[in-house]
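Asker: quick one, structure for this:
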Amino acid sequence: MKRFAKIPAFTLTELMVAMTLSTVVIGIGYTVMGLISRNIVAIQNNYSSSTQIELLEQQMTVDFHRYHDISYDPIERTLKMKNPIDSISYTFSEQVLLRQTDTVLSQGIAPKYFWQGTEVTKGNIDALKMEWGPEEKKSFLFLYQEIDAARYMTTNGN
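Answerer: Numbering: from 1, shown residues only. Here you go, the predicted structure:
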């Protein structure tokens, strides 16, 4: 009579428990990866928006100091900056801010214009305040320019 030797192996119950545990661990891993990827996308969007705003602030600051004659046309919604050599324009629309033909900011902006400390709706300006973002996270940018004597005399009619 032949005796069969027992082969060491796992039982069906042990294999089912191991598969169930590995399924739970893999499911938790996928859930965590999904949360992390959503957070990374939110961080990238926030970084992109803040970088876009910082670049706008730098560019407009340079332009405010480079161009001496700055005026706003409410019909075209255009901020025109001129000096004897060059000129540039910023166009404000409902959703974007254009510098010449380049999109500088793709958010809704509410600009306010000032001339010698008084808010104006058209004509020469020497300061600009822009607000954007939702009401609970409203951000703003304030730019101004020193008025030189020649511009002061030409705008006041002296």
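Asker: what's the weakest-modelled helix or strand in this protein?
Answerer: Lowest by mean pLDDT, DSSP states H and E among the helices and strands of the chain is helix 149-155, with a mean of 68.
Asker: residue 110 contacts residue 132, correct?
Answerer: Yes - using Cβ atoms under 8 Å, residue 110 is in contact with residue 132, at 7.2 Å. Glycine gets a C-beta too; all of them are placed from N, C-alpha and C.
Asker: more neighbours, the two?
Answerer: Neighbours were counted for residue 110 and for residue 132 using other Cβ atoms under 10 Å; residue 132 has more, 19 against 11.
Asker: for that one, name its beta-bridge partners.
Answerer: Residue 132 has these beta-bridge partners by DSSP bridges: residue 109, residue 139.
Asker: that one contacts residue 111, doesn't it?
Answerer: No - with contact defined as Cβ under 8 Å, residue 132 does not reach residue 111; the gap is 9.5 Å.
Asker: and the host helix or strand of residue 20, average pLDDT?
Answerer: According to DSSP states H and E, residue 20 maps onto helix 12-66. For helix 12-66, mean pLDDT is 90.
Asker: from the chain's centroid, how far away is that helix?
Answerer: Distance of helix 12-66 from the chain centroid (Cα atoms, centre = their mean, to the nearest Å) equals 18 Å.
Asker: same for it, what does it pack against?
Answerer: Judged by 3 or more Cβ pairs under 8 Å, 6 or more residues apart in numbering; DSSP states H and E, helix 12-66 is in contact with strand 78-82, strand 102-105, strand 127-132, strand 139-144.
Asker: now do the last one: everything it contacts.
Answerer: Identification of contacts with strand 139-144 by Cβ atoms under 8 Å, 6 or more residues apart in numbering yields 53, 56-57, 60-61, 64, 114, 126-133.
Asker: closest to residue 73 out of those residues?
Answerer: Ranked by distance to residue 73 (Cβ to Cβ), the contacts of strand 139-144 are led by residue 128 at 13.9 Å.
Asker: next, count neighbours for the closest residue to that closest one other than its chain neighbours.
Answerer: Distance criterion Cβ to Cβ, 6 or more residues apart in numbering; nearest residue to residue 128, sequence neighbours excluded, is residue 143 at 4.9 Å. Using other Cβ under 10 Å, residue 143 is surrounded by 18 other residues.
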